[in-house]
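Colleague: sharing a sequence plus its predicted fold:
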Amino acid sequence: MRIKEYSRYELKYLIDREQREQLAQALEDYMDPDTYGDDHGRYPITSLYYDTADYKAYWDKVEGHKFRRKVRVRVYGDKIVTPETKCFVEIKQRINKTLQKKRVLLAYRTAAALCGQGTDVPEGLSETEQAVVQEVQYLQNTLDLMPACVVSYDRLAFEGGEYDPGLRVTFDTNLRGRIYDLTLLAQGYAENHFFIPPEWCVMEVKVNYRVPFWLTALIAKYRCTLRRISKYCAALEELKTVLQRQQIAY
């Protein structure tokens, strides 16, 4: 069982295929491929998001609340998920402009029970691990969280080198989701639908302190514009789960 916790800043951009190809090629001169992916830093991600019956996490984002949290279960890689498959239970939290992500690695069976019913997890956790589990239990018990949406996409990721150790840049494409069959277990019939056209990409820049000048110059060169976009919110809107639609300019 492993846990990861960090705070950083996150900037998001909605870019087209040509911008993605140009930027990814340019980044090869400055950054390294994500070691969790293939030789090029590529891997798929699938997440099951939890929310309240009236979509509190969605509305907190849309209304711009300074403090907000989301709970999700996430699987990395192209794998068939079974009850024993290892996955991350994550709390993604934003305070003003600072992002914090806390997560713990559990078997999917345990993760789903924790997020869905607040069920206790096996003993033997460290104090830090137990604190994350207790926070998930608190959110589940006070908000009555339930599965809300599955989101999947393909990621190309780069990591900062020796001079930019906290830097991370990701490109997410083929963004699809569903609001039924809300489990990550392999069922054989679940079908995801695009919630952002496949020719578009969500680029994320994550940094501990500040974006290096060379990256700022590249972003300006290829005319990337900041977008306040949430993949979870965009999926719910396109799949018509909520009435009000967030305006995203393609």
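Modeller: Yep, that arrived. Residues are numbered from 1 along each chain as shown.

Colleague: ranges for the strands of the protein?
Modeller: For the chain, applying DSSP state E gives strands covering 3-16, 31-33, 42-51, 67-76, 86-95, 98-107, 146-160, 168-178, 193-194, 200-207.

Colleague: strand partners (parallel or antiparallel) of the second one?
Modeller: Partners of strand 31-33 in the sheet, by DSSP bridges, are strand 146-160 (antiparallel).

Colleague: on that earlier part again, a markdown table for the strands of the chain, including distance to residue 233 and mean pLDDT?
Modeller: The C-beta positions use only the backbone N, C-alpha and C, and glycine is treated the same way. Converted to a markdown table, the strands of the chain look like this (distance: least, C-beta to C-beta, whole Å; pLDDT from 0 to 100):
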| stretch | distance to residue 233 | mean pLDDT |
| --- | --- | --- |
| strand 3-16 | 12 | 78 |
| strand 31-33 | 28 | 95 |
| strand 42-51 | 10 | 96 |
| strand 67-76 | 10 | 96 |
| strand 86-95 | 13 | 94 |
| strand 98-107 | 16 | 91 |
| strand 146-160 | 9 | 96 |
| strand 168-178 | 11 | 96 |
| strand 193-194 | 15 | 94 |
| strand 200-207 | 12 | 96 |
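
Colleague: and the ones you listed: which comes nearest residue 227?
Modeller: Smallest distance to residue 227 across those (C-beta to C-beta): 4.3 Å, for strand 3-16.

Colleague: nearest to residue 228 among the strands of the chain would be which one?
Modeller: strand 3-16 (7.2 Å).

Colleague: residue 168: neighbouring residues, count only.
Modeller: Other residues within reach of residue 168, judged by other C-beta atoms under 10 Å, total 19.

Colleague: run through the residues that contact it.
Modeller: By C-beta atoms under 8 Å, 6 or more residues apart in numbering, residue 168 lies in contact with 34, 157, 158, 159, 160, 204, 205, 206, 207.

Colleague: beta partners for it?
Modeller: With DSSP bridges as the criterion, residue 168 is bridged to residue 159, residue 206.

Colleague: got the angle between the longest helix seen in the chain and strand 86-95?
Modeller: Longest helix of the chain, by residue count under DSSP state H: helix 127-143. Orientation of helix 127-143 against strand 86-95 (axes from the mean of the first three to the mean of the last three C-alpha atoms, to 10 degrees) gives an angle of 70 degrees.

Colleague: now do the buried residues in helix 127-143.
Modeller: 129, 132, 133, 136, 137, 139, 140, 143 (16 or more other C-beta atoms under 10 Å).

Colleague: contacts for that helix, please.
Modeller: 1, 3, 5, 50, 52, 56, 69, 71, 89, 91, 102-104, 114-118, 120-121, 125, 145.

Colleague: now these: which count as buried?
Modeller: Neighbour counting over the contacts of helix 127-143 (16+ other C-beta under 10 Å) leaves 3, 50, 52, 56, 69, 71, 89, 91, 102-104, 114-116, 118, 121, 125, 145 as the buried ones.
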